[in-house]
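*Asks:* The amino acid sequence is not available; the structure is as follows:
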C-alpha cells in the first residue's frame, strides 16, 4: 500500500545476503512513491531517470499513477535488472514509455548511454548509506546536471550520518539544494494491509525522519 487508496504489487526479497540490498523494498522507496502520488502534476509529460531502482517501487509508481512521458529504470547488476523486468510485468498496461539500463556508478563508461537521453528529473532513494559509492554517484549527478540540468530528487533519512559527507561532496561540485521534511502523516502510514506486518517489515516508516533533497547546479 502506498496510500489508503493506492497500491502496487511487486516482488521483493526480505531476507538477503550482502550485495542483494536492491532486492528489498526500503522505507525511503515507499516515501518517494507517496511523494510522487501527492505531486503527480510535477511529472506530467516529463522524462524521469530512477537511479539505483532496486525493486523499482518509485519508477513503478510513476508508471501507474502519473502521466510521465518516459521512465528509465537503472541498477548495477543483471540480477537486479531481471527483478525490475519481473516487477514491470506485474503492473497494468501503461502509456508511459519505459526503458531499463545497467548503470554502475563506479564505471563511468556505463554513464555514456544516458548522455543523449532526455532527462527532466532524477529520482533516487536508499542510495546514501555507509559503504555505498555515493562519491561516484555525485560524479554521475554532476555530469548529468552539466549536460541536461535535470531536477534531482533524493530522499535520505535524517538518521543517516553519512548524509553530511555526501552533501559536502555535492557542495564541492557546485550543487545547491533545498531540504523538505516529509513529516506529513502520509509518510508514516502502514505499507501493508496488516498493521503488525507493516511494522515488522517496514519499521522505519515510524522511526525514520525522511528528508527530500532537491539538487541543482
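*Replies:* Sure thing, it's come through. The model shown is predicted, which means the values in this text are computed figures rather than measured ones.
*Asks:* Just give me the residue right at the centre of this protein.
*Replies:* Nearest residue to the geometric centre of the chain (CA atoms, centre = their mean): residue 124, 3.2 Å.
*Asks:* now it, nearest residue through space, not along the chain?
*Replies:* Take residue 124 and drop its neighbours on the chain: the residue closest to it by CB to CB, 6 or more residues apart in numbering is residue 51, 4.3 Å away. For every residue, glycine as well, the C-beta is placed using N, CA and C.
*Asks:* Run a quick neighbour tally on that neighbour.
*Replies:* 24 (other CB atoms under 10 Å).
*Asks:* Was I right to think it contacts residue 138?
*Replies:* No - Residue 51 lies out of contact with residue 138 (CB atoms under 8 Å); the separation is 11.5 Å.
*Asks:* Determine the next helix or strand in the C-terminal direction from the helix or strand harbouring residue 87.
*Replies:* Counting by DSSP states H and E, the element that carries residue 87 is helix 78-89. Per DSSP H and E, the first helix or strand lying C-terminal to helix 78-89 is strand 97-102.
*Asks:* Which strands and helices lie in contact with the helix or strand that that following strand is followed by?
*Replies:* Remark: after strand 97-102, the chain's next helix or strand is strand 121-125, criterion DSSP H and E. Packing partners of strand 121-125 (3 or more CB pairs under 8 Å, 6 or more residues apart in numbering; DSSP states H and E): helix 27-38, strand 47-50, helix 57-65, helix 134-148, strand 151-157.
*Asks:* Okay, now the unreliable bits of the chain?
*Replies:* By pLDDT under 70, the weakly predicted segments of the chain are 1, 4, 14-22.
*Asks:* Now stretch 200-215: buried residues?
*Replies:* 201, 202, 204, 205, 208, 210, 211, 212, 213, 215 (16 or more other CB atoms under 10 Å).
*Asks:* now these as TSV including secondary structure?
*Replies:* Below are the buried residues of stretch 200-215 laid out as TSV (DSSP: H, G, I helix; E, B strand; the rest coil):
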residue	secondary structure
201	helix
202	coil
204	helix
205	helix
208	coil
210	strand
211	strand
212	strand
213	strand
215	strand
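*Asks:* between the residues you listed, which is closest to residue 120?
*Replies:* Relative to residue 120, the closest of those is residue 215; by CB to CB it sits at 13.9 Å.
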